[in-house]
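1. model the following, please.
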Amino acid sequence: MSNDILQADITEKFKLNEIPESATLIPIDQIEVLNSRERNMKVFEEIVENIRAIGLKKPITVTARHPQEGGNRYLLVCGEGRLNAFRILGQTHIPAMVINVSDEDAFIMSLAENIARHGYRPLEILSDIGMLVSRGYDAEAIIQKTGLSSKYVKDIVFMLVQGESRLIEGVKSGKIPLTTALEIARAKQDDQNLGEVLQEAYESGQLNGHQVTKAKRLALKTEVNDPASPATHHGATTSYNLVRTYQIEVDRQHKMVLKAEHAHQRLLLVVEGLKTLFSSENFGYLLRAEGMDTMPKYLSDRLTPVAGEHA
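-> Okay, the predicted model is just below:
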């Protein structure tokens, strides 16, 4: 079958009338995927059904390679999901934009496209940034090439460069969220012992991710205000000490909230009682006779009826 007939067949079957004229029909078996990854099956199935129903709206992007034997070869830059969908749909060729870039640039473009993809998982970002670090890219170069936030990239690069293998493996295995791993890594940067204690407390189930952040802040605050506290690295720091200090602080704050609510309720009772008294003209005469006809503005504001309210 000629290329023109094949193009017509695909155009009719997949309604590829919006594919740019500059796109080239490429044999799928000549395309090598540089940075393959597992896909969310639900999302992938949606891609397949969309292509089956309305056609391919955007061609994939490849870069040509010309080996000495075996004909043309191509490296995939963008569009692995679309490529796999065409395979599933039984196609042997796919429309592609062919660009001329180096292997390194093709790899970077592939990572950048993956990172920008909707629903891209933090674990995949960690893996891709790890690939860039292994290729010698520093944080600033990665930020420039990926468009990710400066702080986010620097945190991940720090964790990778410092060799936080336990944290990294925990993230990859799904045992610890990336955000919690970064929080622990940052704690280790300030205080190695504190970071180790936080990690132990999380891995043992004594603290969850949200509590890790709070416990870290509490430990650093306690270190400033009470350097001898066992919650700081100057004391006998253990996960037990840290968790115990955190629990004491949580209980203290809870009691403060209860006391504040109790005081508020009592104040409301006093205000309501005073409103009743001030509604009596005789009580007003008595106050003025005793020279007690003024009161704090705070109480006055609460006792003065607002517009539309009955005294």
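
2. tell me which element Tyr137 falls in.
-> Tyr137 belongs to no helix or strand when assigned by DSSP states H and E.

3. count of residues packed around Tyr74?
-> Neighbours of Tyr74 under the rule other Cβ atoms under 10 Å: 22. Every C-beta, even on glycine, is put in place using the N, C-alpha and C of the backbone.

4. could you look up the SS state of the nearest residue to it once chain neighbours are set aside?
-> Leaving aside its sequence neighbours, Tyr74 sits nearest to Val62 (Cβ to Cβ, 6 or more residues apart in numbering; 4.0 Å). Classification of Val62 using DSSP: H, G, I helix; E, B strand; the rest coil returns strand.

5. what about stretch 290-301, distance to the chain center?
-> Relative to the mean C-alpha coordinate of its chain, stretch 290-301 is positioned 54 Å out (Cα atoms, centre = their mean, to the nearest Å).

6. can you check stretch 24-39 too?
-> Taking mean C-alpha positions (Cα atoms, centre = their mean), stretch 24-39 and its chain are 29 Å apart.

7. buried sites along that stretch?
-> Within stretch 24-39, the residues that qualify as buried are Leu25, Ile26, Ile28, Ile31, Asn35, counting by 16 or more other Cβ atoms under 10 Å.

8. cool, and stretch 142-159?
-> Neighbour counts over stretch 142-159 (16+ other Cβ under 10 Å) mark 142-143, 145-146, 148, 152-159 as buried.

9. the stretch 51-200 of the chain: helices as residue ranges?
-> For the stretch 51-200 of the chain, applying DSSP state H, counting those that start in this stretch gives helices covering 80-88, 103-116, 122-134, 139-146, 150-161, 165-172, 178-190, 192-203.

10. out of those, which gets nearest to Arg217?
-> With respect to Arg217, and counting by Cβ to Cβ, the nearest of these is helix 178-190 at 9.9 Å.

11. pLDDT of that closest one, averaged?
-> Computed over helix 178-190, the mean pLDDT rounds to 80.

12. ok, back up a step: any chance of JSON lines for the helices of the stretch 51-200 of the chain, columns distance to Leu287?
-> Formatted as JSON lines, the helices of the stretch 51-200 of the chain follow (distance: least, Cβ to Cβ, whole Å):
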{"stretch": "helix 80-88", "distance to Leu287": "80"}
{"stretch": "helix 103-116", "distance to Leu287": "72"}
{"stretch": "helix 122-134", "distance to Leu287": "66"}
{"stretch": "helix 139-146", "distance to Leu287": "69"}
{"stretch": "helix 150-161", "distance to Leu287": "61"}
{"stretch": "helix 165-172", "distance to Leu287": "69"}
{"stretch": "helix 178-190", "distance to Leu287": "59"}
{"stretch": "helix 192-203", "distance to Leu287": "60"}
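
13. please identify which of those is closest to His262.
-> helix 192-203 (32.8 Å).

14. how far off helix 178-190 does whichever helix or strand comes after that closest one point, in degrees?
-> Once the chain leaves helix 192-203, the next helix or strand it forms, by DSSP H and E, is helix 209-225. Per axes from the mean of the first three to the mean of the last three Cα atoms, to 10 degrees, the angle that helix 209-225 makes with helix 178-190 is 20 degrees.

15. ok, the residue nearest to Glu196 when sequence neighbours are not counted - how many residues close by?
-> Sequence neighbours aside, Lys188 is the residue nearest to Glu196 in space, at 7.1 Å (criterion: Cβ to Cβ, 6+ apart). Lys188: 20 surrounding residues under other Cβ under 10 Å.

16. how close does Lys188 sit to Gln206?
-> As judged by Cβ to Cβ, to the nearest Å, Lys188 and Gln206 stand 18 Å apart.

17. ok, back up a step: wait, doesn't the residue nearest to Tyr74 sit right on Ile94?
-> No - the criterion here is Cβ atoms under 8 Å, and Val62 misses it with Ile94 at 9.2 Å.

18. overlap in contacts, the two.
-> Common contacts of Val62 and Ile94 (Cβ atoms under 8 Å, 6 or more residues apart in numbering): Ile26, Ile31.
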